[in-house]
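J.: Sequence and predicted structure below; questions after.
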Amino acid sequence: MTIKPIRDDLEKYLKKHNLKKKYKKAKNLFEEDPFYPSLNTELVEPKERLVYSFRLDKKYRAIFIYVNDNTIEIVLFTNHYR
C-alpha cells in the first residue's frame, strides 16, 4: 500500500500539532499493513462515502480515501475527540 505525498496544508497541520514523528511511524506501519492493530483502521460514517481513518495516536486520526487498489490519499488530519 502507498500513501500519496500529503498536501502543504496537511504538512503544516502536522508541524503545528507536533505530529510529524507520529505520522511518519503510522505511515510506515500503514504501508506495511493497513490493518496493523494499533492503527485502528476503520470505515467512517456514513459508510457509503467510503472514507476511512487510521490512528496517529489516541487523540489524532488521519482521514483518507482510496485513489486505487494500492494507493490512498490523506484528505484530513483531525482531533478525534473534538
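T.: Arrived safely, thanks for sending.

J.: now the strands for this structure?
T.: For the chain, the strands defined by DSSP state E occupy 2-3, 42-43, 52-55, 60-68, 71-79.

J.: Pipe those strands into JSON lines and attach mean pLDDT and mean neighbour count per row.
T.: Just so you know, the C-beta spots here come from the backbone N, C-alpha and C atoms, and that holds for glycine as well. Written out in JSON lines, the entries for the strands of the chain read as follows (pLDDT from 0 to 100; neighbours: other Cβ atoms under 10 Å):
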{"stretch": "strand 2-3", "mean pLDDT": "97", "mean neighbour count": "16"}
{"stretch": "strand 42-43", "mean pLDDT": "96", "mean neighbour count": "12"}
{"stretch": "strand 52-55", "mean pLDDT": "97", "mean neighbour count": "20"}
{"stretch": "strand 60-68", "mean pLDDT": "97", "mean neighbour count": "17"}
{"stretch": "strand 71-79", "mean pLDDT": "97", "mean neighbour count": "15"}
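
J.: Look up how far residue 22 lies from residue 58.
T.: 10 Å (Cβ to Cβ, to the nearest Å).

J.: of these two, who's got more company?
T.: Under the neighbour definition other Cβ atoms under 10 Å, residue 58 and residue 22 were set side by side, and residue 22 has more, 17 against 9.

J.: gap between the closest residue to the more buried one other than its chain neighbours and residue 47?
T.: In space, and not counting its chain neighbours, residue 22 is closest to residue 56: 4.7 Å by Cβ to Cβ, 6 or more residues apart in numbering. Counting by Cβ to Cβ, the gap from residue 56 to residue 47 is 22 Å.

J.: Ok, residue 15 next?
T.: 32 Å.

J.: and what of residue 16?
T.: In terms of Cβ to Cβ, residue 16 sits 31 Å off from residue 47.

J.: now do residue 39
T.: Separation of residue 39 from residue 47 (Cβ to Cβ): 18 Å.

J.: Give me the more crowded residue out of these two.
T.: Taking neighbours as other Cβ under 10 Å, residue 39 and residue 47 compare with residue 39 leading, 18 against 10.
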